[in-house]
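1. need coordinates for the following:
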Amino acid sequence: MADESLREIVEFYTNTTEERRLTSGSSQLEFERTKELLRRFLPVPPARVVDVGGASGSYAFWLASLGYDVHLIDVTPRLVDVALQQNAEPPHRLASVAEGDARRLSFDERSIDAVLMFGPLYHLTEASDRLKALAEARRVLRPTGALFAAGISRYAGTLDGIALHPALDAHIVASRHRAVADGQYRNDTGNSRYFTTAYFHRPEDLAEELASAGFTTVRVFGVEGPEWFLADFEARWADAAGRERLLQVARLLEEEPSLIGTSAHLIAVGYRQ
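-> As a prediction, this is how the structure comes out:
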């Protein structure tokens, strides 16, 4: 990854409140569904987990509360500082919090039970860098250890633009078209609402990348299903029965090949054999 792209990504997370993102809007569905998948496939506590690109620790602290031995790494100093501040208070502290790069992990070979990569694979825009990150995850995993790797769907920008924020701005249209064509997303609008430099995966691409890195029994799940771009999402989520219906549909469609790509986020689960 070019230094310029890395600086842009770090600047984006320095100036936006990523630490609060999962508490509002359709990101609440993303958070609950991701936790469901983690509960389903993680080894039992007190397994050792590394959350690579874990931002300020939304998943890391939740896993620590369940009894996991969790290490948090992120490339953005501000988010690491937020995690360190939270980690100074009991009751559920992380084993470690540090700045770090997914392509160069500091852990020993075969020392980790599970690796979470909820960010690195969509911010490493070159395939060679994504494979380096996956190789590092495989290196530190114990035999049969699990990798949870998130991707942003190739079609997320287009669906978001049509359903939630229709726009005729030429820059935004061009960015959407490029992302669908080759996965490369760039935001040259100056508006952080339209995200930052990223690579958007098709579900099959994410599966192939994990397989190329040596992971086996790979499965790719649509996290939110098509519900994240509902115009009345907040009202449905605020109602307990409506919330459960949204979750049920997301579970029902999570591995339907014709619909996985309608999710904003994808999660691939694979194992080191």
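2. can you pull the contacts of the most centrally placed residue in the chain?
-> Taking CA atoms, centre = their mean, the centroid of the chain lies closest to F118, which sits 2.8 Å from it. Taking CB atoms under 8 Å, 6 or more residues apart in numbering as the criterion, F118 is in contact with T34, D51, G53, G54, Y59, F148, A150. All C-beta atoms are positioned from the backbone trio N, CA, C, and that covers glycine.
3. which parts of the worst-scoring helix or strand of the chain on mean pLDDT are buried?
-> Lowest on mean pLDDT, DSSP states H and E among the helices and strands of the chain sits helix 156-163, with a mean of 82. By 16 or more other CB atoms under 10 Å, the buried positions in helix 156-163 come out as A156, G157, T158, L159, D160, G161.
4. show me what it packs onto, helices and strands only.
-> Packed against helix 156-163 by the contact rule (3 or more CB pairs under 8 Å, 6 or more residues apart in numbering; DSSP states H and E) you find helix 170-182.
5. who touches the helix it packs on?
-> Under CB under 8 Å, 6+ apart, the answer for helix 170-182 is 154-155, 157-158, 161, 167, 184-189, 194, 200.
6. before we move on, back to that, need phi/psi at the residue nearest to the centre of the chain.
-> Main-chain torsions, F118, degrees, to the nearest 10: phi -100, psi 70.
7. tell me how far the closest residue to K132 other than its chain neighbours lies from E254.
-> Distances taken as CB to CB, 6 or more residues apart in numbering place R103 nearest to K132, at 4.2 Å, with adjacent residues excluded. Separation of R103 from E254 (CB to CB, to the nearest Å) stands at 29 Å.
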